[in-house]
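S.K.: Fold the following and give me the result.
(chains A and B, ligands or ions: 5)
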Amino acid sequence: MVHIPASSVRDSSHVLETHDLRAYYRMKYFGIDREVRAVDGISMHVRKNEIYGIAGESSCGKTTFIKAIAAAIRPPLEIVAGHVKYSFIKDGLYELPAAERSAIRWRHLSYILQGSMNVLNPVRRIHKTFEDFAFRHMHLGRAEFDLEVKRHLERLRLPAEILHAYPHELSGGMRQRVCIALATLCKPEFIIADEPTTALDVVVQKDVLAMIRETQTEFGSSMIFVTHDLTVHANVTDRLGIMYAGRLVEEGRTADVFSNPMHPYTAHLIASLPKIGDTQPRSALSGSPPNLADPPKGCRFHPRCPLAMEICRHENPALTMLAEDHRVACFAASTKVQPSKDGEQGEMKTLEVVR
Amino acid sequence: MTTPLLGLDKVSKLYKRGGLLGREEFRAVDDVTFHIDNNEPQVFTIIGESGSGKTTLARMILNMVRPTAGTIFFKGQDLASIRGGGARRRFMKEVQPIFQNPFEAFNPLKRVDRYLFMTAKNFTDARSSAQHEAAADAALNKVGLSLGEVRGRFPHELSGGQLQRVAIARALIPGPSMIVADEPVSMVDASLRMSIVNLFRTLRDDLKVSIIYITHDLATAYYVSDRIIIMRKGEVVESGPARTVLENPQHSYSQLLKSAVLSPDPHGHGVLIGDSAASQQARASPHPHVSSSEPQVR
Ligand SMILES: Nc1ncnc2c1ncn2[C@@H]1O[C@H](COP(=O)(O)OP(=O)(O)OP(=O)(O)O)[C@@H](O)[C@H]1O
Ligand SMILES: Nc1ncnc2c1ncn2[C@@H]1O[C@H](COP(=O)(O)OP(=O)(O)O)[C@@H](O)[C@H]1O
Ligand code: SF4
Ligand SMILES: [Mg+2]
Ligand SMILES: [Mg+2]
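M.R.: Ligands and ions are numbered 1, 2, ... in the order given. Predicted coordinates for the structure are as follows:
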C-alpha cells in the first residue's frame, strides 16, 4: 500500500485529484510483451462545481484516463502508478479493495461511456432499462418515477414513446441521448462523460449541452467532460486540459487556453478548427500520431513540433504554472519550464493493484 | 441523358414502432427522390436532424434494407432485382459502407486486421496471405495508419478514431465506385476530421469514387461537398449545391441548423445559451485560490 501525500487531502474544494497517474495496457502478443502507455503521469484536479474539459486527438488516452478515474479498470489495463482521490471517499480510489471501489463507482459517480449507446441491453425496452438503472435510487412511487423520466426525456428532446422501443429501433443520436438521460436522472455528485454528444445534430447538441450544464449547476455536481471537439469545450467547460500522447500538455481556464494557447500543439488545434465558409485545404498536423507502445523520447510532441529544440529530444518538459491557473509543458513557452524528474526512465513508484 | 450512378425514386420506409398494443406506423424515410450522376464523381452530403432517417436511407442504398415504397437504381439496376450470391457480391464490390459507429461495425471478439484480410480475399484478386496483407497495408496507408499498428489488435484496443480509419481503409480495398459513409468523422478530432474529408476529396478526384457523406458537421460538409440534402422527419426539406445551400439556407429548419452551430470562439466560462441566470450567478462565485493547492510541479 502506498502512502497518500498530504497534499492530496488538503483542500476539500477539490472533488477529484489525480497525482502522477499512470495507466498502461499490458499485453502479450505472440509471446512479446507490449505496453501501451496510454496515461503517463497525469496530475490534475477538478474543483467543486466545475466542468473540467479534456481534449486531444484520437487515441491520445482520453478514454483511458477516464477509465482510470472511474475505477473502470479491466485487464489488460493496469494502474501502474499514482493516485486518484475523491473528496467523498476517505482513501484513495486504488487504495480501496476492488469490491468497495466498484460500489463507489455506482454510488457516487455517473459515467457516460464512449459509445455507450451501443451497450444498451438489446432485448430490453428502454423503459425497462430506466427501471433497472434508476428506480431503486430515486425513491419515488411508480407514477412519480414515470413522470420524472418523461420530463427528463423531454429536456433531451426525446418523445416519451421511445420508452416503449428497443434500442435497435432508435437512431444513434436517440440512443446517445437515452444514455445521457440515464446518467443524469439520479442527480449524481460527479459526472464523467466521454464524448457524449458526438452523434447529435447541432440543434439537439446545443440543447443537450445546455441541459448537461443546467443539471450540473442545479445539483452542484462536478464534471469531467471529454471530447475531441474544441468548439464544444469553448461552449461548456470551465477549465480545459489538453492531452497529447498520454500526458497533459496544457491546462487552464477554457477562455485563456483559447485566447492564449501556450503549447504549440494547442495552438495548432485551435488554428485548425474548421468553420463554415472554409474551402481552402487545411493542413493536418504533419507526421502521424505517436505510437504509445513506443512513444518518442523527451517531449512526446517533438517529432511533429515546429518549435522543437535539442533539449526536446531528450527531456520531458514538466507541466509548469506559467500564469494564473494556466499550466504548460513546453520548453519553448518559458525558461521556467524544467525537465520533469519523472523522465522516461525515471523511478516509478509501483502501486500494488488489488484485483 | 446517361444513366445515373445512383437514383432514388420516391423512396419511403415505414417502420412499426411502439408498445405491444399501440404499435404505430412510422415513416422513417418519406418520399425521397434524388440522383447522383455517373460522369462526374461527387461528394453528396446528407445532413439532418437526429432520427430523421439518414441511416435508414443509407441502409436502403446499401441494399441492406428494402424500401417500403419507391425504387433505388444503381447504374440502372433496380436494387430489388439483385438476387443470388454473385449479383450481391458484385453490388457490394461497387458500393461500400462505412458505418456510423466504429464500435458497432466491428465484432469485439474479432481482430480488426481480419476484416481487412477477409475483404481483400473476397473482393480482390489477391490470393496469397502475403497479398492480402499488402492490400491491407496499402489501404491503411491511405488513411494514415499501417498494418504494423493494427496487426493482431481487437477493436477495444484501438481508439474510436483509429477504428474509424480502419473502417475507411477496409471500404477502400475492393475499389468501389461509391462509398456510403454514415457519420465517418463524428468520433475523430478536428485535425483528423480534416484529413479524412481531404481523403474523400482525393478519392473523388483521383479514384473517381462518389461518396455519400452523412454528417452532423456543417463545417466539413461545406468544405468537402458538391451537393447536399437536408432532412427532417424522413423528408428532404432542402437540396442543392452544397455551398449555396449552406451559405444561404432557405428552409426554416436549414436556417435553424446553421444558427445552432457552436462558435469555436471562447465564450469564457462555458456560457451556453440556455444557461439560466441562476446558474451563471452560481458560476461567478470565486474559486478558492489555486496555487496553494496545486499538485506540486517539480
Ligand atoms: N429497425 C427499426 N425499427 C423501427 N424503427 C426504426 C428502425 N430503425 C430506425 N428506426 C426509426 O427511424 C427513424 C430514423 O432513424 P435513422 O437511424 O435513419 O436516423 P438518423 O437520421 O440516422 O439519425 P442519427 O442522426 O441520430 O443517426 C428513427 O425515428 C428511428 O427510431
Ligand atoms: N483495451 C485496450 N487494450 C490495449 N490498448 C488499448 C485499449 N484501449 C485503448 N488502447 C490504446 O490506448 C491508447 C489510448 O486510447 P484511448 O484512451 O481510447 O484514446 P482516446 O480516448 O483519447 O481516443 C491508444 O493507443 C489505444 O490504441
Ligand atoms: S517542448 Fe519542444 S518539442 Fe515539445 S512542444 Fe515545446 S518546443 Fe515543441
Ligand atoms: Mg475515447
Ligand atoms: Mg444515423
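
S.K.: Tell me the predicted confidence for whatever residue of chain A ends up closest to ligand 5.
M.R.: At 4.4 Å from ligand 5, A:Gly172 is the closest residue in chain A, using C-beta to the ion. For glycine as for every other residue, the C-beta is placed from the backbone atoms N, C-alpha and C. With respect to pLDDT, A:Gly172 has a value of 84.

S.K.: Then B:Thr124?
M.R.: Value for B:Thr124, per-residue pLDDT: 89.

S.K.: Can you give me the neighbour number for residue 230?
M.R.: Since you didn't name a chain, this refers to chain A. 26 (other C-beta atoms under 10 Å in any protein chain shown).

S.K.: Can you look at chain B instead?
M.R.: 26.

S.K.: Just to check, it is in contact with B:Gly53?
M.R.: No. Counting by C-beta atoms under 8 Å, B:Ile230 sits too far from B:Gly53 to count as a contact (11.8 Å).

S.K.: distance of the residue nearest in space to the middle of chain B from B:Thr56?
M.R.: Taking C-alpha atoms, centre = their mean, the centroid of chain B lies closest to B:Asp182, which sits 2.2 Å from it. In this view, B:Asp182 and B:Thr56 are 10 Å apart by C-beta to C-beta, to the nearest Å.

S.K.: How about B:Ser191?
M.R.: 31 Å.

S.K.: Ok, A:Glu251 next?
M.R.: When C-beta to C-beta is the yardstick, A:Glu251 and B:Thr56 sit 42 Å from each other.

S.K.: With neighbour numbers in mind, choose between these two.
M.R.: In terms of neighbours (other C-beta under 10 Å), A:Glu251 is the more surrounded of A:Glu251 and B:Thr56; the figures are 27 against 22.

S.K.: Next up, the contacts around the more buried one.
M.R.: A:Met44, A:Arg239, A:Leu240, A:Gly241, A:Ile242, A:Val257, A:Leu319, A:His326, A:Arg327, A:Val328 (C-beta atoms under 8 Å, 6 or more residues apart in numbering or on different chains).

S.K.: shaky segments in the stretch 101-250 of chain B?
M.R.: B:101-104, B:108, B:156, B:159-161 (pLDDT under 70).

S.K.: do you know how far the residue of it found nearest ligand 3 is from B:Arg151?
M.R.: Residue nearest to ligand 3 within the stretch 101-250 of chain B: B:Ser191 (15.6 Å; C-beta to the nearest ligand atom). Distance, B:Ser191 to B:Arg151, by C-beta to C-beta: 25 Å.

S.K.: next one: B:Ser254
M.R.: 45 Å.

S.K.: what about the two, which has more around it?
M.R.: B:Ser254 (22 against 17).

S.K.: Give the helix, strand or coil label for that one.
M.R.: helix (DSSP: H, G, I helix; E, B strand; the rest coil).

S.K.: in which helix or strand would I find B:Asp30?
M.R.: Assigned by DSSP states H and E, B:Asp30 falls within strand B:24-36.

S.K.: Paired strands for that strand, with orientation please.
M.R.: If you go by DSSP bridges, strand B:24-36 pairs up with strand B:6-17 (antiparallel).

S.K.: A:Val119 and B:Ser239: what is the separation?
M.R.: 36 Å.

S.K.: Tell me which of those two has more neighbours.
M.R.: Just comparing A:Val119 and B:Ser239: by other C-beta under 10 Å the higher neighbour count belongs to B:Ser239, 19 against 12.

S.K.: my read: the more buried one touches B:Ile228, true?
M.R.: Yes. With contact defined as C-beta under 8 Å, B:Ser239 reaches B:Ile228; the gap is 6.8 Å.

S.K.: what's the overlap in contacts for those two?
M.R.: Common neighbours of B:Ser239 and B:Ile228 (C-beta under 8 Å, 6+ apart) are B:Val245.

S.K.: Which pLDDT value belongs to the closest residue to ligand 4 within chain A?
M.R.: Ligand 4 sits closest to A:Thr63 of chain A, with a gap of 3.2 Å, by C-beta to the ion. A:Thr63 carries a pLDDT score of 91 in this model.

S.K.: do B:Arg283 as well
M.R.: 35.

S.K.: so what's B:Ala181 up against?
M.R.: B:Ala181 neighbours (C-beta under 8 Å, 6+ apart): B:Pro97, B:Ile98, B:Ile168, B:Ala171, B:Phe200, B:Ile211, B:Ile212, B:Tyr213, B:Ile214.

S.K.: Kind regards, and thank you for your time.
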